[in-house]
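In: okay, sequence plus prediction incoming.
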Amino acid sequence: MTPRILISNDDGIHARGLAALIGAAEGLGELWVVAPEHEQSATSHALSLHHPLRIKQQEERRFSVDGTPADCVYVAVNHLMKDARPALVLSGINHGPNLADDVIYSGTVAAAMEGSILGIPSIAFSLVTRRTFEFAHAAQFARALVKAALASQLPPRMLLNVNIPAYPPLKGYQVTRLGRHSYGADVIEKEDPRGRKYYWIGGTGYEHVKEPGTDVTAVHDEQLVSLTPLILDLTDAASLGLLRGWTIEGFTQQKT
Ligand code: MN
């Protein structure tokens, strides 16, 4: 049976990276595309609970939604495709990196995360560049990875975060953990023509910690694709004991 593959992104239905991912998955399954009508980068895992969503059918099995990436996957799985769930959710290819704690802010990862929450193995793809976007080598890797995923027995909540170096040739890939990086924390203050202050956030610099086995090091220093499996349980197991040792006056701790 042909597997159904749902494709979404956060750069919007007209993004070149989405077209590249659709091309990459061509022939590997019955492709459904449900993507935001407008760019939704850095919207994280927002869901539109307080306004209605409009779905526009672009062509057969292609829809745009005036919502977030998570909205797209939600309406795709629970409504548009409810007769048969997708075997795989793909998101991207993002125009820019989603490394280290970028994954917390990323709309690209959020679309995949929504798939994982709904019990469908999901993969997020990002191209690590801020300037020119050449997707051919990224699409080539994505196709090979999707083939490998479809040939495997996948855990239902598998969530894979993939970052691809900006330019070919790729030296291969590495299974990594999230690394650490920083964009700087500047808040730039300016004045508008009416004399009112406004602010730009988002930082201006970039530095990453060079640690072997991390996504940032694999991609930036070794020209490798990074494959990082993510888990949605954010519980800090190491701090459970510390917290249990606290005394909060006037309140009794119920031990687990
Ligand atoms: Mn984006």
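Out: Structure received.
In: from residue 139, how far out is residue 20?
Out: As judged by Cβ to Cβ, to the nearest Å, residue 20 and residue 139 stand 4 Å apart. In this view, the C-beta of every residue, glycine as well, is placed from N, C-alpha and C.
In: overlap in contacts of these two?
Out: Common neighbours of residue 20 and residue 139, using Cβ atoms under 8 Å, 6 or more residues apart in numbering, are residue 93.
In: roughly how far is stretch 233-240 from the heart of the chain?
Out: 22 Å (Cα atoms, centre = their mean, to the nearest Å).
In: just the endpoints, please. Distance across that stretch?
Out: Stretch 233-240 has an end-to-end distance of 14 Å (criterion: Cα to Cα, to the nearest Å).
In: swap in stretch 34-46?
Out: End-to-end distance for stretch 34-46: 16 Å, by Cα to Cα.
In: ok, and for that stretch, which residues are buried?
Out: Of the residues in stretch 34-46, those buried by neighbour count under the rule 16 or more other Cβ atoms under 10 Å are 34, 35, 36, 37, 39, 40, 41, 43, 44, 45.
In: look at residue 133 and tell me its secondary structure.
Out: With DSSP: H, G, I helix; E, B strand; the rest coil as the basis, residue 133 sits in coil.
In: quick check: bridge partners of the nearest residue to it once chain neighbours are set aside?
Out: Leaving aside its chain neighbours, residue 133 sits nearest to residue 95 (5.7 Å; criterion: Cβ to Cβ, 6 or more residues apart in numbering). Bridge pairing for residue 95 (DSSP bridges) gives the partners residue 127.
In: and residue 95, how many neighbours does it have?
Out: Residue 95 is flanked by 22 other residues according to other Cβ atoms under 10 Å.
In: tell me where the stretch 101-250 of the chain has helices.
Out: 102-105, 107-117, 136-150, 215-222, 237-244 (DSSP state H, counting those that start in this stretch).
In: okay, the ones you listed, which one's buried deepest?
Out: Each of the helices of the stretch 101-250 of the chain was scored by mean neighbour count; the highest is helix 107-117, a mean of 28, by mean count of other Cβ atoms under 10 Å.
In: check whether that one comes near the ion.
Out: No: judged by Cβ under 5 Å from the ion, helix 107-117 stays clear of the ion, getting no closer than 5.5 Å.
In: pLDDT at residue 228, what is it?
Out: We have a pLDDT of 98 for residue 228.
In: what's the separation between the residue nearest to residue 133 and residue 239?
Out: 36 Å.
In: cool, residue 89 as well?
Out: To residue 239, residue 89 is 31 Å away according to Cβ to Cβ.
In: restrict the buried residues of stretch 34-46 to contacts with the ion.
Out: Here is what survives when the buried residues of stretch 34-46 are matched to the ion using Cβ under 5 Å from the ion: residue 41.
In: just curious, which of the buried residues of stretch 34-46 is nearest to residue 13?
Out: Closest to residue 13 out of the buried residues of stretch 34-46 is residue 35 (4.3 Å), distances taken as Cβ to Cβ.
In: assign a three-state SS to the closest one, would you?
Out: Residue 35 ends up strand, using three-state DSSP.
In: nearest residue to it other than its sequence neighbours?
Out: residue 13 (4.3 Å).
In: can you tell me the SS state at that neighbour?
Out: Recorded secondary structure, residue 13: coil (three-state DSSP).
In: show the contacting residues for whichever residue of the chain sits closest to the ion.
Out: Nearest to the ion, among the residues of the chain, is residue 41, at 3.3 Å (Cβ to the ion). Residue 41 makes contact with 10, 11, 94, 95, 96, 106, 107, 108 under the criterion Cβ under 8 Å, 6+ apart.
In: kindly report the same for residue 136.
Out: 20, 168.
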